[in-house]
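J.: Got a sequence here, can you build the structure:
(one chain, ligands or ions: 1)
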Amino acid sequence: MAHVDERTARRVAEEAREKAWRLPSFGKQLFLGDFRLDLIHPHPRPDEEDQGKGEEFLARLREFCETKVDPRVIEREARIPDDVIKGLKALGAFGMKIPEEYGGLGLSQVYYNKALMLAGSTHSALGALLSAHQSIGVPQPIKLFGTDRQKREFLPRCVNEISAFLLTEPDVGSDPARLRTTAVPDGDEYVIDGVKLWTTNGVIADLLVVMARVPKSEGHRGGITAFVVEAKSEGVTVENRNAFMGLRGIENGVTRLHQVRVPAANRVGEEGQGLKIALTTLNTGRLSLPAMCAGAAKWATMIAREWSRERVQWGRPVGEHEAVAAKISFIAATAYALEAMVDLSSALADDSRNDIRIEAALAKLYASEMACRVADELVQIRGGRGYETAESLAARGERGVPAEQLLRDLRINRIFEGSSEIMRLLIAREAVDTHLSVAGDIIDPDADLKAKAKAVGRAGGFYSTWFPTLLAGAGQRPGSYAGFGPLARHLRYVERSSRKLARSVFYAAGRWQGGLERRQGFLGRMVDIGAELFAMSAVCVRAKADDRPEAYELAEAFCAQARVRIGELFDRLWHNTDALDARLARRVMDGRYTWLEEGVLDPSIPGPWIAEPAPGPSRRKNVHHTVA
Ligand SMILES: Cc1cc2nc3c(=O)[nH]c(=O)nc-3n(C[C@H](O)[C@H](O)[C@H](O)COP(=O)(O)OP(=O)(O)OC[C@H]3O[C@@H](n4cnc5c(N)ncnc54)[C@H](O)[C@@H]3O)c2cc1C
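T.: Modelled structure (predicted):
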């Protein structure tokens, strides 16, 4: 596939979208100016059986992580020891979300995420190992889309075996329309050829979910399709074990598939459904990363608390200097908010009362961005010790606090499972869905005149009733949300801001019409405002459920901080440098300012002193299969 234009990329993304909204969505209504607090309040509580099972497992996992895992060894050797993997299997940690009838633990979403938070706080590579297997690997798509036979065959295996999800290719990152791996039908088999990049768990996996393109032919509708592939199949080769800025210990590789024969019975869903399956799997799978980000923020709160009291400079503990105090307050309030968002979204998912695809996506975007800020502030609070490795600190007799590691490990969350830029586009698409379904044909270049005329009529009807609802609401009534005590004023703010946001989208759609989809600056800020409003809502609902003064204090601080950020975002919706930036970026890419780059060397171009590249960490022997 030599060239895929933007329109094709959008069409492929659109086809992968789940179009129906069968259940109510808090997030969708929020962007429409309809603050449906009733959808998230009172905070759903786990049922007693789920809670008992979950707490029992958490206790066993905690004991294992505390006594059997040395995170310093993982960090030093960039590898999770075999006995740790074996121990996790024995605990059932690879089958946390697999139903009990297939040998798994059958944990709820709430407890699955709590377990990931715990394991990920021990070492982030453990979180990656468990979540890549269960949130995107074989178990989840098979549970949701597999046939009975596939469930019986693969789910019990996934309790004890490791799986990986292979979508990305050297030329396919955010744009699956470019996917080149092929699966050619041959009798009752498919023959897969292609190269997959950055396969988390791919180096040690037993089972792979491979996304490949089936060519259209007689009897085959074709399209991007998901397959379960045995990693030991002839023709599967792990060509490299990749190393990264952080997440040392992740078993991530390059996997080549050469003439790999896969039974048609291993196809998941129908031909052409692969991306839809991947996206639907991610509806709840997306909560794993925010859960681990929330865990990181909780740990950062603890380190910030301890260090800011202990370290005295200029006659006071550093936490008493206002500049540092602001960072502590930000870290603690954000930790509370991230956990509130994850717990609420997970509990809603368990309840199956709401469609949580927007909330989970907002949580992924928001938590990955905010956790990076939290880690950065933690490094700053720790000063020079924040920049020093835990190993070096310990070697000179200090406590080995891995603050710099946190910063390195968290950074990837803004890139994988949908980069922040792509998440903003996906969420923006969902946020404007109602507008597109009533008025989309007016701006669709492919719609004929009849369809456009129909859309004008439909839009007239919809907007004449919808727009007036944006002008007044509960947020303007001083006594509303009184049950929330001091937090009521923040909920009123959320209600007012939700309407303001919806009005802004309406104005923007009128101003840019079809061009709105390319206004990524505007759309991104709109989504960021939505994320802050969701976080504020989750925090207030959580504080009320926690029902203790300390929870109200944290919620108060978070809401006050979020309101400052929201104010800036609203301002920047209309006052920004987007057009100027786009112009300047084009000129940079055209090479207009290359003189600016003079006076430095480029370390990525090897000099004569480099004989050959340094060897990477050793590969696991048992997984290096040769090309047939
Ligand atoms: C440690 C690690 C583990 C991974 N694990 C897996 C895995 O298990 N399975 C798997 O399949 N993949 C995995 N990936 C791949 C990961 O999902 C991709 O890196 C990610 O999707 C981004 O793709 P890319 O790196 O090719 O960036 P690109 O798509 O090339 O994007 C480059 C930049 O452009 C931005 N961008 C791209 N398109 C747009 C657009 N339309 N509008 C605005 N901005 C845009 C991106 O946000 C990014 O900032 C992993 C990657 C890493 C580093």
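J.: wait, doesn't residue 431 sit right on residue 525?
T.: No - taking contacts as Cβ atoms under 8 Å, residue 431 lies outside contact range of residue 525: 12.0 Å. From N, CA and C alone the C-beta is placed, and that goes for glycine too.
J.: what helix or strand is residue 260 on?
T.: strand 252-263 (DSSP states H and E).
J.: ditto for residue 226
T.: Here residue 226 is assigned to strand 223-230, by DSSP H and E.
J.: Give me the distance from that strand to the chain's centre.
T.: 22 Å (Cα atoms, centre = their mean, to the nearest Å).
J.: How about stretch 243-252?
T.: Offset of stretch 243-252 from its chain centre (Cα atoms, centre = their mean): 18 Å.
J.: Contacts for that stretch, please.
T.: 74-75, 77-80, 123-126, 128-129, 198-205, 241-242, 405, 407-412, 616-617, 620 (Cβ atoms under 8 Å, 6 or more residues apart in numbering).
J.: one step back: ok, then the element right after the strand holding residue 260?
T.: strand 267-268.
J.: Dihedrals phi and psi, the residue of the stretch 151-300 of the chain found nearest the ligand?
T.: Relative to the ligand, the nearest point of the stretch 151-300 of the chain is residue 173 (1.8 Å; Cβ to the nearest ligand atom). Main-chain torsions, residue 173, degrees, to the nearest 10: phi -120, psi -90.
J.: measure it to residue 167 for me?
T.: Distance check for residue 173 against residue 167: by Cβ to Cβ, to the nearest Å, it reads 9 Å.
J.: More neighbours: which of those two?
T.: Neighbour count, other Cβ atoms under 10 Å: between residue 173 and residue 167, residue 167 has more, with 23 against 16.
J.: Please name the nearest non-neighbouring residue to the closest residue to the ligand within the stretch 1-150 of the chain.
T.: For the stretch 1-150 of the chain and the ligand, the shortest gap (Cβ to the nearest ligand atom) falls at residue 132, measuring 5.3 Å. Nearest residue to residue 132, sequence neighbours excluded (Cβ to Cβ, 6 or more residues apart in numbering): residue 200, at 4.0 Å.
J.: what's the burial count for that neighbour?
T.: 27.
J.: on that earlier part again, find me the pLDDT at the residue of the stretch 151-300 of the chain closest to the ligand, would you?
T.: Note on residue 173: pLDDT of 90.
J.: The one 5 residues further on now?
T.: pLDDT for residue 178: 90.
J.: Let me see the contact set for residue 202.
T.: 164, 166, 196, 208, 231, 238, 251-255.
J.: Would you mind measuring from the residue of the stretch 151-300 of the chain closest to the ligand to residue 480?
T.: From residue 173 to residue 480 the distance is 46 Å (Cβ to Cβ).
J.: Which helix or strand lies directly C-terminal to the helix or strand containing residue 554?
T.: Using DSSP H and E, residue 554 sits within helix 549-574. The first helix or strand that comes after helix 549-574 along the chain, using DSSP H and E, is helix 578-589.
J.: okay, the angle between that following helix and helix 549-574?
T.: With axes from the mean of the first three to the mean of the last three Cα atoms, to 10 degrees as the basis, helix 578-589 and helix 549-574 are set at 70 degrees to each other.
J.: And helix 578-589, what does it pack against?
T.: helix 520-546 (3 or more Cβ pairs under 8 Å, 6 or more residues apart in numbering; DSSP states H and E).
J.: how about 6 Å then?
T.: Helix 578-589 sits against no helix or strand, with contacts defined as 3 or more Cβ pairs under 6 Å, 6 or more residues apart in numbering; DSSP states H and E.
J.: Most remote residue from the middle of this protein, which is it?
T.: The C-alpha centroid of the chain is most remote from residue 315, which lies 42.8 Å away (Cα atoms, centre = their mean).
J.: which residues touch it?
T.: By Cβ atoms under 6 Å, 6 or more residues apart in numbering, the contact list for residue 315 is empty.
J.: From residue 198, how far out is it?
T.: From residue 315 to residue 198 the distance is 50 Å (Cβ to Cβ).
J.: measure the residue most central in space within the chain to residue 88 for me?
T.: The residue lying closest to the centre of the chain (Cα atoms, centre = their mean) is residue 364, at 3.6 Å. Using Cβ to Cβ, residue 364 is found at 24 Å from residue 88.
J.: what's the answer for residue 484, then?
T.: 41 Å.
J.: Same check on residue 402?
T.: Between residue 402 and residue 88 the computed distance is 21 Å (Cβ to Cβ).
J.: Same check on residue 33?
T.: Distance from residue 33 to residue 88, by Cβ to Cβ: 46 Å.
J.: ok, residue 291 - contacts?
T.: Residue 291 sits next to 113, 116-117, 342 when contact means Cβ under 6 Å, 6+ apart.
J.: That one: helix or strand, and which one exactly?
T.: helix 288-310.
J.: Show me which positions of that helix end up buried.
T.: For helix 288-310, a neighbour-count test (16 or more other Cβ atoms under 10 Å) marks 288-301, 303-304, 307-308 as buried.
J.: ditto for stretch 400-416
T.: Neighbour-count burial for stretch 400-416 flags 400-414, 416 (criterion: 16+ other Cβ under 10 Å).
J.: can you narrow the residues you listed to ones near the ligand?
T.: Within the set of the buried residues of stretch 400-416, contact with the ligand (Cβ under 6 Å from any ligand atom) is found for 412, 416.
J.: Can you tell me which of the buried residues of stretch 400-416 is nearest the ligand?
T.: residue 416 (3.9 Å).
J.: Surely that closest one forms part of a strand?
T.: No - Residue 416 sits outside any strand when classified using DSSP: H, G, I helix; E, B strand; the rest coil, being coil.
J.: which strands and helices sit next to the next helix or strand after the strand holding residue 226?
T.: Remark: after strand 223-230, the chain's next helix or strand is strand 236-241, criterion DSSP H and E. Counting contacts by 3+ Cβ pairs under 6 Å, 6+ apart, strand 236-241 packs against strand 252-263.
J.: Give the buried residues for the strand it packs on.
T.: Within strand 252-263, the residues scored as buried using 16+ other Cβ under 10 Å are 252-258, 260, 262.
J.: Show me how far it is from its chain's centre.
T.: Relative to its chain's centre, strand 252-263 lies at 26 Å (Cα atoms, centre = their mean).
J.: Extract the C-alpha set from it and format it as PDB.
T.: C-alpha atoms of strand 252-263 as PDB (Å, rounded to 0.1, in the frame of the first residue of the first chain):
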ATOM      1  CA  ASN A 252       8.600  -6.300  23.700                       C
ATOM      2  CA  GLY A 253       9.800  -7.400  20.300                       C
ATOM      3  CA  VAL A 254       9.600  -7.300  16.500                       C
ATOM      4  CA  THR A 255       7.800 -10.400  15.200                       C
ATOM      5  CA  ARG A 256       8.000 -11.600  11.600                       C
ATOM      6  CA  LEU A 257       5.300 -13.800  10.300                       C
ATOM      7  CA  HIS A 258       6.400 -15.700   7.200                       C
ATOM      8  CA  GLN A 259       3.900 -17.900   5.500                       C
ATOM      9  CA  VAL A 260       2.300 -18.800   8.800                       C
ATOM     10  CA  ARG A 261      -0.700 -21.100   8.400                       C
ATOM     11  CA  VAL A 262      -3.600 -20.400  10.700                       C
ATOM     12  CA  PRO A 263      -6.800 -22.500  10.800                       C
END
